[in-house]
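Q: Quick check, what structure comes out for this input:
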Amino acid sequence: MLNLSEFPDYPVFNVLESDAEREFRKEVRAWVLKEVLPEADRLEHEKAFPRDLFKKMGEKGYFKALFPKSIGGTELGIKYGTIIGEEISWACRPLVAAWDCTIFCSIPIMRFGKEEHIKKFLPGVMKGDLVGAIAMTEPPAGSDVIGSMKCTAEKDSNGDYIINGEKRFITNGSQADIFTLWAITDKSVPRHQGLSAFVFEKDFDGFEIVDDFELMGNYGLQNTYMRFNNMRIPKENLLGKEGMGAHILLDELDSERTLAAAGSCGNARNAIEIAAHHANKRFQFNKPLRYFEAINFKLADMAIKLEAARHLVYQAACTIDAGLNASKIGAIAKIFATDIAFECAHVALQICGGLGYMKGKYDEETKTYRNPNGSRAYPIERIFRGTRLSSITAGTNEILRFLVQREVFKEMNLKKSGESIDW
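A: Sure, this is the predicted structure:
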């Protein structure tokens, strides 16, 4: 049985949160401590997809936050979504990643799908009954996902689309019930003009799950290789119009990156809490580690960077909720938060020393891990492994840095110079 007194609250109060948002954070945190934390070790040990917790998230209404009231959502907005993402990621990042991908599979359906698809799929998504996946990345198409895409959608005599190709590294792929798919519908024009988006279901003929990849971290999160062999998609399942695929893809990325940043804040927070707990109880040279400047200054730097990351996340979320362009701030938040999450995990592991490098011993009876002498340091190596993925997904941090600098020049209206100026 978990001793919840071992998990002291990181401060909830933030002047950038309203009273309602602070109360919501407390509610989510209480649910995480009751439902998610007790399952986190088991899911890590069994590498199990968190289907039960996924359903419970739906029962709590956490899927509804990003959907309008007109279709059954609560319309709370991305800022509330970042609170959900941070608090749940603190205990179980794979659950948040599965939630993220389902949300961002569904948003293109909500914004560009037909009424019949909105009514068919989105109620199940909001209840946590349906898992979603985004079928986008391919073997040659990672950072250059649009320019290098090979998957094709060719019309047959009835106007339906015949899909051929493959997708890899698809989060939730083998577990998903519904998919949003991007494929080339017109090879005669540049890729960004010939790309289209579709929705399809897992039981479509010609759709094959080839394999799930083993990941370094985030155990329980399914990362899938899938193949399409003459899979027929009805013409009604086209999202928007032909050639709108690039627009539909870019439409949801700012929100996806902001939620990814929020999840990284949850990981960083957990690392700080574990390191502080360890530094307070671990004695060397007859005093706690917290009294050594080499340790407490590391904790100070971690806290500074976490607060900066959380403020960037809030700025990105508020920008999106205001209906403004968040390309630059969303990228900045994602870059900074994912970088500092890995840094905090690395530093926390160093503070915890050998105990931080241990997985701990899994107890089948209690379904929990433990380090020797009851230390709480064991999740650090899990956080360390898990945070390494964050700077790759939702746009690598290198690509996002390119995007940020491009936005800087665009905002300053500085066009490419045709000549060098000799100062």
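
Q: in stretch 294-311, what's buried?
A: The neighbour-count criterion (16 or more other Cβ atoms under 10 Å) identifies 295-296, 298-299, 302-303, 305-306, 309-310 as the buried residues of stretch 294-311. C-beta here means a position set from N, CA and C on the backbone, and glycine is covered the same way.

Q: what's next to it, contact-wise?
A: The contact list for stretch 294-311 (Cβ atoms under 8 Å, 6 or more residues apart in numbering) reads 14, 16, 86, 261, 264-265, 268-269, 271-272, 275-276, 279, 289-290, 333, 336-337, 340-341, 343-344, 347-348, 350-351.

Q: got it, and stretch 377-391?
A: By Cβ under 8 Å, 6+ apart, the residues outside stretch 377-391 that reach it are 44, 93-94, 215-218, 260, 263-264, 267-268, 270-271, 274-275, 278, 335, 337-339, 341-342, 345-346, 348-349, 352, 355-360, 369-371, 397.

Q: what about burial for those residues, which qualify?
A: Buried members of the contacts of stretch 377-391, scored by 16+ other Cβ under 10 Å, are 44, 93-94, 215, 217-218, 260, 263-264, 267-268, 270-271, 274-275, 278, 335, 337-339, 341-342, 345-346, 348-349, 352, 355-356, 358, 360, 369-371, 397.

Q: coming back round to it: for ChimeraX, what selects the buried ones among the contacts of stretch 294-311?
A: Buried residues within these, by 16+ other Cβ under 10 Å, are selected in ChimeraX with:
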select :86,261,264,265,268,269,271,272,275,276,279,289,290,333,336,337,340,341,343,344,347,348,351
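
Q: got any ranges where the chain has weak pLDDT?
A: Flagging of the chain using pLDDT under 70 yields the residue ranges 1-12, 422-423.

Q: how about the helices of the stretch 151-300 of the chain, start to end?
A: Remark: helices assigned in the stretch 151-300 of the chain by DSSP state H, counting those that start in this stretch are 191-194, 245-281, 293-321.

Q: could these go into TSV alongside distance to residue 393?
A: What follows is those, written out as TSV (distance: least, Cβ to Cβ, whole Å):
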stretch	distance to residue 393
helix 191-194	22
helix 245-281	7
helix 293-321	16
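
Q: Those: which one's closest to residue 70?
A: Residue 70 sits nearest to helix 293-321 of all these, at 17.0 Å, using Cβ to Cβ.

Q: what about the closest one, distance to the chain center?
A: 18 Å (Cα atoms, centre = their mean, to the nearest Å).

Q: and after that helix, which helix or strand comes next?
A: helix 327-352 (DSSP states H and E).

Q: got the buried residues for the very next helix or strand once past that following helix?
A: As assigned by DSSP H and E, the chain's next helix or strand after helix 327-352 is strand 361-363. Buried residues in strand 361-363, counted by 16+ other Cβ under 10 Å: residue 362.

Q: how far is strand 361-363 from where the chain is centred?
A: Strand 361-363 sits 28 Å away from the centroid of its parent chain (Cα atoms, centre = their mean).

Q: what are the pairing partners of that strand, and which direction each?
A: Strand 361-363 sits in its sheet next to strand 368-370 (antiparallel), going by DSSP bridges.

Q: okay, the angle between whatever helix or strand comes next after the partner strand and helix 327-352?
A: Going down the chain from strand 368-370, the next helix or strand is helix 379-387, by DSSP H and E. Between helix 379-387 and helix 327-352, the angle comes out at 150 degrees (axes from the mean of the first three to the mean of the last three Cα atoms, to 10 degrees).

Q: and the next element down the chain from helix 379-387?
A: helix 397-411.

Q: can you list contacts of that next one?
A: Helix 397-411 is contacted from outside by 143, 257, 327-328, 331-332, 334-335, 338-339, 391, 395, 415, using Cβ under 8 Å, 6+ apart.

Q: Need the buried ones from those selected in ChimeraX.
A: Isolation of the buried members of the contacts of helix 397-411 (16+ other Cβ under 10 Å) is achieved in ChimeraX through the command below:
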select :257,327,328,331,332,334,335,338,339,391,395
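
Q: still on that earlier bit, ok, which of the helices of the stretch 151-300 of the chain comes nearest residue 116?
A: Going by Cβ to Cβ, the one of those nearest residue 116 is helix 245-281, 18.1 Å.
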